[in-house]
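Enquirer: Dropping the sequence and predicted coords here.
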Amino acid sequence: MDKNVPTNCLKGRWDLPWMTPEIKRLMRRRKRRYATYKKFKTQKNWTKYTTLHTQIKQKLNESHTNYINGMFENEESAPKDCGTPVLRIVYQQSLDTGDIPDDWKQANVTAVFKKGDRSQPSNCRPVSLTSIACKVLEHIIASNIRAHLDHHHILNDFQHGFRKHHSCETQLLTTLDDLTGAIDQKQQIDCLILDFSKAFDVLAHGRLLYKLGWYGINGPTNKWIGSWLTNRTQAVVVDGERSCQVLLAPHHQATQQNQLNL
């Protein structure tokens, strides 16, 4: 039993520099509160425990932030602030030129199990992990594109995917309203359902860029999206081991995990 089911004693990190005596005292009190709740399971004891737990989380966040900021000579050089001006310059240059750094086009692909037999690769969902800095800019561009499409009423009212205030629920409500109305009128109901297999893998980049230009998304933004779609590389990561970077084929360079789902 000891060989196959080893016993390990888990304990918190009390030696962290931002763990102040006050926080340690509160954590010991929280432990006692939880023991009391386990013995006398009343709502009053649970409320005391959760209140103390929330207070400790707040104290930890404040203490950690103060410790990090104290490592710098002045507040302007704190990590949470020093990256903003640099990213602003990089983002603006990328948008003005329509080019993307090659590092932003590199992705690590890892498999996430869905269901069924774990030994079958088809039962895993590949997830592409890309640059966080690029994801932020992707979100900014995608938000502005959606705002442009909504402002000019370009999208069809019956499109419910990838739209603000639209979802599967709104689509189901619309469909249900049409079905019930047809039933009340004793009309025939015909449904045509299409499912495009691997739609993201067969995306026609040239047509996409042309269509964006037709809808008024031209200039550096259109060029930026074209750069985002080309010369992408990826590596596979399994159990901490990473393969070599491989250049993706043009029709495989749109990934479903990116913010810029166009």
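Expert: Received the coordinates, thanks. The structure displayed is predicted, hence computed values, not measured ones.
Enquirer: and stretch 117-125, C-alpha only, in PDB?
Expert: Output in PDB follows, covering the C-alpha atoms of stretch 117-125 (Å, rounded to 0.1, in the frame of the first residue of the first chain):
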ATOM      1  CA  ASP A 117     -11.000   6.000 -25.300                       C
ATOM      2  CA  ARG A 118      -8.000   8.100 -24.200                       C
ATOM      3  CA  SER A 119      -5.700   6.100 -26.500                       C
ATOM      4  CA  GLN A 120      -7.500   7.400 -29.600                       C
ATOM      5  CA  PRO A 121      -6.100  10.700 -30.800                       C
ATOM      6  CA  SER A 122      -9.500  11.500 -32.400                       C
ATOM      7  CA  ASN A 123     -11.000  11.700 -28.900                       C
ATOM      8  CA  CYS A 124      -8.800  14.600 -28.000                       C
ATOM      9  CA  ARG A 125      -9.300  18.300 -28.900                       C
END
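Enquirer: Can you give the distance of that stretch from its chain's centre?
Expert: 23 Å (CA atoms, centre = their mean, to the nearest Å).
Enquirer: what do you get for stretch 172-191?
Expert: That offset, for stretch 172-191, works out to 36 Å (CA atoms, centre = their mean).
Enquirer: hmm, who's touching it?
Expert: By CB atoms under 8 Å, 6 or more residues apart in numbering, the surrounding residues in contact with stretch 172-191 are 158, 160. (Glycine included, C-beta is placed from N, CA and C.)
Enquirer: I'd like to know the average pLDDT value across it.
Expert: Confidence over stretch 172-191 (mean pLDDT, whole number) is 91.
Enquirer: How about stretch 37-52?
Expert: For stretch 37-52, mean pLDDT rounds to 90.
Enquirer: Contacts made by it with the rest, please.
Expert: By CB under 8 Å, 6+ apart, stretch 37-52 touches 26, 29-30, 33-34, 36.
Enquirer: If we use 6 Å, what do you get?
Expert: Outside stretch 37-52, the residues that touch it by CB atoms under 6 Å, 6 or more residues apart in numbering are 30, 33-34, 36.
Enquirer: and what of stretch 149-161?
Expert: So stretch 149-161 is in contact with 166, 170-171, 215, going by CB under 6 Å, 6+ apart.
Enquirer: same thing with stretch 213-225?
Expert: Contacts for stretch 213-225 (CB under 6 Å, 6+ apart): 95, 98, 154, 209, 212.
Enquirer: Now do the buried residues in that stretch.
Expert: By 16 or more other CB atoms under 10 Å, the buried positions in stretch 213-225 come out as 217, 221-222, 224-225.
Enquirer: can you give me phi and psi for residue 243?
Expert: When read as degrees, to the nearest 10, the backbone of residue 243 gives phi -80, psi 180.
Enquirer: Let me know how buried it is, in neighbour terms.
Expert: Residues within reach of residue 243, counting by other CB atoms under 10 Å, total 12.
Enquirer: go on, residue 104?
Expert: Residue 104: 20 neighbours (other CB under 10 Å).
Enquirer: With residue 190 instead?
Expert: Neighbours around residue 190, by other CB under 10 Å: 6.
Enquirer: re earlier: looking at the buried residues of stretch 213-225, which two lie furthest apart in space?
Expert: 217 and 224 (10.0 Å; CB to CB).
Enquirer: Next, the contact list for the nearest residue to residue 247 once chain neighbours are set aside, please.
Expert: Spatial nearest neighbour of residue 247, chain neighbours left out: residue 233 (5.4 Å); criterion: CB to CB, 6 or more residues apart in numbering. Contact analysis of residue 233 by CB under 6 Å, 6+ apart lists 106, 245, 247.
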